[in-house]
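> I'd like to go over a predicted model; first the sequence, then the structure.
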Amino acid sequence: MDRQKTSFTFKLPKDQQETLIVILSGGNYRPVEAQHSIIAVEGDNCRIVLYKSGKCLVQGKGSADFISFVLEPLVLQEVRLGYEDILDPKASAAHMGVDESGKGDFFGPMVTASAYIDPELAEKMREMDVKDSKNITSDKKALGMARDLRKLLGRRFGLVMIGPSAYNRLYSKMRNVNSILAWSHARAIENLLEIVPGCPRAISDQFGNKSSVEKALMSKGQKIKLEQRHKAESDMAVAAASIIARGAFLQALQKMGKQFSTTIPKGASAAVQEAAVELVKEHGPKILLETSKCHFKTADKVLDKAGFKRADLGPEGAHTSKAVDFSKYKKRS
C-alpha cells in the first residue's frame, strides 16, 4: 500500500541556511533539542532541523505544507525533487534506472549502468544530492559519488562495459550506435534482474525505438515494463545509474592513461586529437582500435595528422567508417 512521504532532506548553502534561521527563529515554531544542529524546531505537525553540515531535515505529517508554503518559496526559491514524490508517488517507488557514459567520448569504453531504488534508497540518495552526472563538473566528485552509490546499493546495480576493441567490432557488425546502446541497456537490465527479480519497471533516456531494447531482452527482462523518457536523468534511479556509469568510465580512462604513461582526455576536442596523434605516432595506427571509437570522424583527422589513412587500420578498422569502399575487403571464402 502506498504511503504519503513524510520525511524530506535538503542540502542548503550558507545564504539559504541564514534565511531559514530567521524564519524559524520567529513565527509559531517551538525550539526542540537535536544533536549537531544549528536550529531545531517543531511547527504545525512537522519537525524542522538544520544541521551544522547544512542539511535540513523536515519530518512529520505537515512536512508537505511546510515545504510547499515556506521552504520552497522563501528559502529554496524553486521546487525540489523531494516534493515531487507527493505529486508523483511512483518517483521513489521500486524501479531501476539505466544510463550510459562514454558514448560521446573518442577515447575509452562505453559503459552502461542500471541502478535500483525504492523509497528508502531514494531518501538516502537525496541526502547524497544524487543528480545527473552531466551536472557534476568535477571528475573527483563524480568518482566519489559513484563509489558511495555502489556502497549504498550493494549488489543492486548492474554494469556493462564495452571496451574500445569490442565496441569497434560491434560497430563494424551493427553499423549503428543506437543498436549497441539497445544491446547494452538490455544487458544492464538483465544483470540487475538477477539481483532484484521482482523489479517492475526500468526507465531510461529516449533513444531510437524502444522496441530495439525490448527485442534484445532475454526471458527475465521481457516481463519488465520499459519506459523511455526525454531527460530521464531527472529520475533518481536514472541519475544514480548515470553517476555509476560515469565513475566506471573515468576509472577506465585513468587505467588507460597509466598503461600508456600519458593523460587520456575526455570528449572529442582538439586536446583529444593531439593525444591520439601522439599515441599513433608512438604505437602505430592500430592503437586506435584498442583505445578509441573508430567510427568517430576524429579517427580520420588523427590518422591524417599522423601520416596514415583509415585503410592502415586494416579491415576491422575500415568497417567502422561510414564512408569507405568495402570492396577492398572482400570476405574470405
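Good, I have the coordinates. Numbers count the residues shown, from 1 in each chain.
> Helices along the stretch 201-333 of the chain, start to end?
Using DSSP state H, counting those that start in this stretch, the helices found in the stretch 201-333 of the chain span residues 210-216, 236-259, 270-283, 287-291, 297-305, 314-318.
> elements contacting the first one?
Here helix 210-216 is seen to pack against helix 177-193, strand 225-229 when contacts are counted using 3 or more CB pairs under 8 Å, 6 or more residues apart in numbering; DSSP states H and E. Where C-beta positions appear, they are placed from N, C-alpha and C, glycine not excepted.
> For T6, find the nearest of those.
Among these, strand 225-229 comes nearest to T6, with 26.9 Å by CB to CB.
> on that earlier part again, out of the helices of the stretch 201-333 of the chain, which one sits most buried?
Of the helices of the stretch 201-333 of the chain, the one with the most neighbours on average (mean count of other CB atoms under 10 Å) is helix 236-259, at a mean of 23.
> how deep is the nearest residue to G43 once chain neighbours are set aside tucked in, by neighbour count?
Once flanking residues are discounted, G43 sits nearest to Y29: 5.3 Å by CB to CB, 6 or more residues apart in numbering. For Y29, the neighbour count with other CB atoms under 10 Å is 19.
> just the one 5 residues further on next, same as before
Under the neighbour criterion other CB under 10 Å, A34 is assigned a count of 16.
> Run a quick check on it versus E42, I expect a contact.
No. Checked against CB atoms under 8 Å, the pair A34 and E42 is beyond contact range at 10.5 Å.
> Export only the CA atoms of the strand or helix carrying A40, formatted as PDB.
A40 belongs to strand 37-42 when elements are defined using DSSP states H and E. C-alpha atoms of strand 37-42 as PDB (Å, rounded to 0.1, in the frame of the first residue of the first chain):
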ATOM      1  CA  SER A  37      22.000  21.200  14.900                       C
ATOM      2  CA  ILE A  38      22.200  24.900  14.300                       C
ATOM      3  CA  ILE A  39      18.500  25.200  15.000                       C
ATOM      4  CA  ALA A  40      15.700  22.700  15.600                       C
ATOM      5  CA  VAL A  41      12.000  23.400  15.900                       C
ATOM      6  CA  GLU A  42       8.600  21.900  15.800                       C
END
